[in-house]
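1. Using only what follows, build the 3D model:
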Amino acid sequence: QVQLVESGGGLVQPGGSLRLSCVTSKTIFSINTMAWYRHTPGKQREFVARISTRGSTNYADSVKGRFTISKDEAKNTVFLQMTSLKPEDTAVYYCNAMSGATPLFSWGQGTQVTVSQ
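-> Numbering: from 1, shown residues only. Got it, this is the predicted structure:
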């Protein structure tokens, strides 16, 4: 069973920062683009950022300039550094391995990010 374990969420004030982590297996991590998505109740799951095996990155327009995706290959971990957080960033954040625009595996439990005063 593939494991994608997200952590690092929490409650933060507008303008604050958080760093999310996603740990997976070495096999999954080393051969696939990894991506972060987020989901808010009543809305479709939304793409946030992706990082390829070569380290190239892409971001949703809504987070560009505020979020940074990175990875630590020694730890099979993908990070999402979030700064200048806004209330509209409130969501459950998920990671997954990608084949093109298609998530490869079932979504994990995610990590809740709440941006509020």
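2. Can you tell me the closest non-neighbouring residue to the most centrally placed residue in the chain?
-> Central residue of the chain (CA atoms, centre = their mean): Trp36, 2.8 Å from the mean position. Leaving out its chain neighbours, the residue that sits closest to Trp36 by CB to CB, 6 or more residues apart in numbering is Val48, at 4.3 Å. (Glycine included, C-beta is placed from N, CA and C.)
3. show me the residues around the one you found that make contact.
-> For Val48, the contacting residues are 35-38, 59-60, 63, 67, 80, 93, by CB atoms under 8 Å, 6 or more residues apart in numbering.
4. Could you identify the most distant pair in those residues?
-> Pairwise distances across these peak at 13.8 Å for Tyr59 and Tyr93 (criterion: CB to CB).
5. the more surrounded of these two?
-> Legend: neighbour count by other CB atoms under 10 Å for Tyr59 and Tyr93, higher for Tyr93 (23 against 17).
6. bridging residues for the more buried one?
-> Tyr93 has these beta-bridge partners by DSSP bridges: Arg38, Thr111.
7. Looking at it now. What's its pLDDT?
-> Looking at Tyr93, its pLDDT is 98.
8. so how far is Gly9 from it?
-> Distance from Tyr93 to Gly9, counting by CB to CB, to the nearest Å: 6 Å.
9. ok, now Lys71?
-> From Lys71 to Gly9 the distance is 18 Å (CB to CB).
10. How about Val63?
-> Look at Val63 and Gly9: by CB to CB, they are 15 Å apart.
11. Of the two, which one has the most company?
-> Val63 (23 against 19).
12. Would you confirm that that one contacts Ala49?
-> Yes. With contact defined as CB atoms under 8 Å, Val63 and Ala49 form a contacting pair (6.7 Å).
13. tell me which residues in the worst-scoring helix or strand of the chain on mean pLDDT are buried?
-> One helix or strand of the chain scores below all others by mean pLDDT, DSSP states H and E: helix 26-31, with a mean of 82. Neighbour-count burial for helix 26-31 flags 28-29 (criterion: 16 or more other CB atoms under 10 Å).
14. What of stretch 38-56?
-> Counting neighbours by 16+ other CB under 10 Å, stretch 38-56 gives 38, 45, 47-51 as buried.
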